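In: mind folding the following:
(one chain, ligands or ions: 1)
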Amino acid sequence: MSRIIKIAAAQSGPVPLSQSREDVVERLIEQMRSAKSQDCDLIVFTECVLTAFFPHWWIEDEDELDSYFETQMPSPITQPLFDEAARLKIGFQLGYAELAFEDGNKKRFNSSVLVGDDGQIIGKFRKVHLPGHRDHRPDNPFQNLEKRYFEFGDLGFPTWRAFGGVVGMCICNGRRWSETYRALSLQGAELITLGFNTPGHHPEFPHLDELSGFHHLLCMQAGAYQNGAWVVAVSKAGEEEGVHQIGHTCIIAPSGKVVAESKTLEDELVVHACDLDETIPYKEYIFNYEKNRRIEHYGIIASQTSAAPPSS
Ligand code: CDT
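Out: The predicted structure is shown next:
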């Protein structure tokens, strides 16, 4: 048996501050056409793909900050991407900065949508794990202001039946947390897709710089294996307005093996035919939740999200 979904991980090279949304959408449509010409069923774009990754800069002016956000998805600017997906019959995932008006409040999220091959939105995820700081750190070569510019996602880790399997999303920093994969795999995720903007430099802990690529792969390879899921991770790579971001766009099998990886720091497609039935040995044998584990024996309350420190 096999249930193959051919996926293109669409790495983006840098998006200059001067590049318009319309031009970025053209870049994405070009990648979409190339993915279709390789018979792909799904193309995954990266985190906040439509603009430069603005949390790297201190922005005080509210209008300027808002200019990086989408108030509608699709909008007149992004609609051509949805139309082309429907015309080509290919699904896609798009990461974007979302400005929502809910309960009379203005809210900002780091979001992604999963779109079917009919151009209709299947589901939305709002980034749960927000890295970085809220304050201005002018001595650092760049900022990491996601906590300032975004709220923590409030949609949980949903999964959807799509593309012949069960699909869930996370975004960038979420890939470093084991609970991301477990929350998704407890809801049956066979395919986990994500975009990331990861600088190669850690201003406060520079000794971590040489480990950036290693840690990026380590957490996802473990997450794929321990949860019996395919993981597709898509970078915004290269030198973007003075910030160097790692590449390593990759597709990881449920075995934990990296089966395809980018070679450049530019726009590049990484393509692999992912057989969702490769999840079976992990979900039904090695990590069979029903048969092989008893949460009530862990010594914590099952619903507890973080264990209290032991009393000495
Ligand atoms: N975009 C994003 O979440 N980036 C973070 C940078 C933090 S550095 C550990 C990431 O986890 O890649």
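In: using PDB, list the CA coordinates for stretch 175-182.
Out: Output in PDB follows, covering the C-alpha atoms of stretch 175-182 (Å, rounded to 0.1, in the frame of the first residue of the first chain):
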ATOM      1  CA  ARG A 175       9.500  23.100  15.600                       C
ATOM      2  CA  ARG A 176      12.000  23.200  18.600                       C
ATOM      3  CA  TRP A 177       9.300  22.100  21.100                       C
ATOM      4  CA  SER A 178       8.500  18.400  21.500                       C
ATOM      5  CA  GLU A 179       4.900  19.200  22.500                       C
ATOM      6  CA  THR A 180       4.200  20.700  19.100                       C
ATOM      7  CA  TYR A 181       4.700  17.400  17.400                       C
ATOM      8  CA  ARG A 182       2.900  15.500  20.100                       C
END
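In: could you list the buried residues of that stretch?
Out: Neighbour-count burial for stretch 175-182, counted by 16 or more other CB atoms under 10 Å, picks out 175-176, 180-182. The C-beta positions use only the backbone N, C-alpha and C, and glycine is treated the same way.
In: and of those residues, the nearest to the ligand?
Out: Distance ranking of the buried residues of stretch 175-182 against the ligand, using CB to the nearest ligand atom, places R176 first at 5.5 Å.
In: confidence score at the residue of the stretch 201-312 of the chain found nearest the ligand?
Out: Closest contact between the stretch 201-312 of the chain and the ligand, by CB to the nearest ligand atom, is at H202 (6.1 Å). Note for H202: predicted pLDDT of 97.
In: and what of A273?
Out: Reported pLDDT for A273: 98.
In: can you check I295 too?
Out: 89.
In: and what of D61?
Out: Listed pLDDT for D61 reads 98.
In: show me the contacts for the residue nearest the centre of the chain.
Out: In the chain, the C-alpha nearest the mean C-alpha coordinate belongs to L194, at 2.1 Å (CA atoms, centre = their mean). Contacts for L194 (CB atoms under 8 Å, 6 or more residues apart in numbering) come out as 44, 47, 112, 169-172, 174-175, 231-234.
In: can you list the residues of the chain near the ligand?
Out: Residues of the chain found near the ligand (CB under 6 Å from any ligand atom) are 47, 131, 172-173, 176, 196-198.
In: look at H129 and give its secondary structure.
Out: coil (DSSP: H, G, I helix; E, B strand; the rest coil).
In: also the one 10 residues further on?
Out: Under the three-state scheme (three-state DSSP), the conformation of D139 reads as coil.
In: would you list every one of the strands in the chain?
Out: Under the criterion DSSP state E, the chain carries strands at the ranges 4-11, 42-44, 91-102, 105-115, 121-126, 159-162, 165-169, 191-196, 230-235, 238-240, 243-245, 250-252, 258-261, 268-275.
In: closest to S67 out of the ones you listed?
Out: strand 91-102 (10.0 Å; CB to CB).
In: about what we covered before: can you select the buried ones among the residues of the chain next to the ligand for me in PyMOL?
Out: PyMOL command restricting the residues of the chain next to the ligand to the buried ones, with burial defined by 16+ other CB under 10 Å:
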select buried, resi 47+172+173+176+196+197+198
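In: on that earlier part again, quick check, pLDDT for the residue nearest to the centre of the chain.
Out: 99.
In: what's the closest non-adjacent residue to the closest residue to the ligand within the stretch 1-150 of the chain?
Out: Nearest residue of the stretch 1-150 of the chain to the ligand (CB to the nearest ligand atom) works out as P131 at 3.9 Å. Of all residues not flanking P131 in the chain, N173 sits nearest, at 4.4 Å (CB to CB, 6 or more residues apart in numbering).
In: right, and the one you found touches N144 too?
Out: No - between N173 and N144 there is no contact under CB atoms under 8 Å: 9.9 Å.
In: what's the overlap in contacts for these two?
Out: Taking CB under 8 Å, 6+ apart as the criterion, N173 and N144 both touch P131.
In: the closest residue to E30 other than its chain neighbours - how many residues pack around it?
Out: Leaving aside its sequence neighbours, E30 sits nearest to D267 (CB to CB, 6+ apart; 7.9 Å). D267: 17 surrounding residues under other CB atoms under 10 Å.
In: distance of D267 from T249?
Out: 10 Å (CB to CB, to the nearest Å).
In: now do N144
Out: In terms of CB to CB, N144 sits 21 Å off from T249.
In: what is the nearest of the buried residues of stretch 175-182 to V15?
Out: Using CB to CB, the buried residues of stretch 175-182 come closest to V15 at R175, 21.0 Å.
In: correct me if wrong: the closest one contacts Q221.
Out: No - assessed by CB under 8 Å, R175 is found out of contact with Q221, at 10.6 Å.
In: residue ranges with poor pLDDT in the protein?
Out: For the chain, the stretches with pLDDT under 70 are 301-312.
In: mind running it again at 50?
Out: 307, 312 (pLDDT under 50).
In: helices of that one, start to end?
Out: For the chain, helices defined by DSSP state H occupy the ranges 21-37, 62-66, 79-88, 146-149, 178-185, 212-227, 280, 289-292.
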